[in-house]
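Student: A predicted structure for the sequence below; I have some questions about it.
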Amino acid sequence: MNNEYAIVTGASSGMGLEFAKLLAKRGYNLVLVARRTDRLERLKKEILESHQTDIHVLSLDLVEMDSTDKLLAFVQVNKLNVTILINNAGFGTSGDFLSLPIEKTMEMLQLNIGTLTKLTYLFGNEMKKNKLGYILQVSSVGAFQPSPYFAAYSATKAYVMLFSEALDFELKGSNVSVTTLYPGATKTEFFEVSETKVNKLVARTLMTADEVADIALNAMFKRKRSIVPGIINKLSVFFAQMSPRKMTTWSAANIMK
């Protein structure tokens, strides 16, 4: 068994769960990170039924400031060679920004921006030192436009876009790459967590988590800078980039409300 490991954050459900399954199928060992230990253990058991791989389960609340250091320490103590980092953990809040609990918004900022940035720094440095690595950052099509009723969430994803694409450029020639994924509406727990009702228009564009995860990993292994899965999402991004900002904001507001 090789000693190459992939870290998947937010691995207990949705795309994180699918990333883990697909990476195991490709022969990678796994470090699965999420809060819900029972779900991680269930996923580990499911994967081991069909794949011979080494799987470590680590229960962490990545909102906590010291969680990133705990993850690095775990990897170092167990002498795991991490060549893939999937920064998938994140959540959204929906509604009028001023009516939402600010504490929840600040937790979202910490997870979607702070934790992602530090994990990228910690493991990016290890990969650069070892001259091998793939980093996959999960952003959103919401990164390309202001999104009323998801104002802070989309702003976090815009940060992920700008930070990650710039870092990929900085890493040219290092054999370490950063691929940014821009999924649209996907069949995951996102809408439940953000307490969002899915309208008929959005429901018709939903992709499955395994479809998105497979497209994302293929792009990552090809060291692509970015990937927008699905024709509807590609069209959405195209029009968001080509249209006046005022128009895209109005359009997003009507879709999201």
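Tutor: Cool, the structure landed. Numbers count the residues shown, from 1 in each chain.
Student: And Leu100, how far from Ala151?
Tutor: 9 Å (C-beta to C-beta, to the nearest Å). Glycine gets a C-beta too; all of them are placed from N, C-alpha and C.
Student: lowest average confidence, helix or strand, in this protein?
Tutor: Taking mean pLDDT, DSSP states H and E as the measure, the helix or strand of the chain with the lowest value is helix 190-193, at a mean of 54.
Student: quick one on the thing from earlier: okay, Leu100 and Ala151: which has more neighbours?
Tutor: More crowded of Leu100 and Ala151, by other C-beta atoms under 10 Å: Ala151, with 20 against 17.
Student: Strands of the stretch 151-257 of the chain, residue ranges please.
Tutor: Ranges of strands in the stretch 151-257 of the chain, per DSSP state E, counting those that start in this stretch, are 176-181, 186-187, 207-208, 226-227.
Student: what is the mean pLDDT for the longest one?
Tutor: Which is strand 176-181. Averaged over strand 176-181, pLDDT sits at 98.
Student: I'd like to know which elements that strand is packed against.
Tutor: On a contact count with 3 or more C-beta pairs under 8 Å, 6 or more residues apart in numbering; DSSP states H and E, strand 176-181 meets helix 116-130, strand 133-138, helix 151-170, helix 209-221, strand 226-227.
Student: how far out from the middle of the chain is the shortest one?
Tutor: In this case it means strand 226-227. When C-alpha coordinates are averaged (C-alpha atoms, centre = their mean, to the nearest Å), strand 226-227 and its chain have centres 12 Å apart.
Student: Each with direction, which strands does that strand pair with?
Tutor: Here strand 226-227 has these sheet partners by DSSP bridges: strand 176-181 (parallel).
Student: contact partners of the strand it pairs with?
Tutor: Residues outside strand 176-181 that contact it (C-beta atoms under 8 Å, 6 or more residues apart in numbering) are 120, 124, 127-128, 131-139, 160-161, 164-165, 167-168, 171, 212, 216, 219-220, 223-227, 229.
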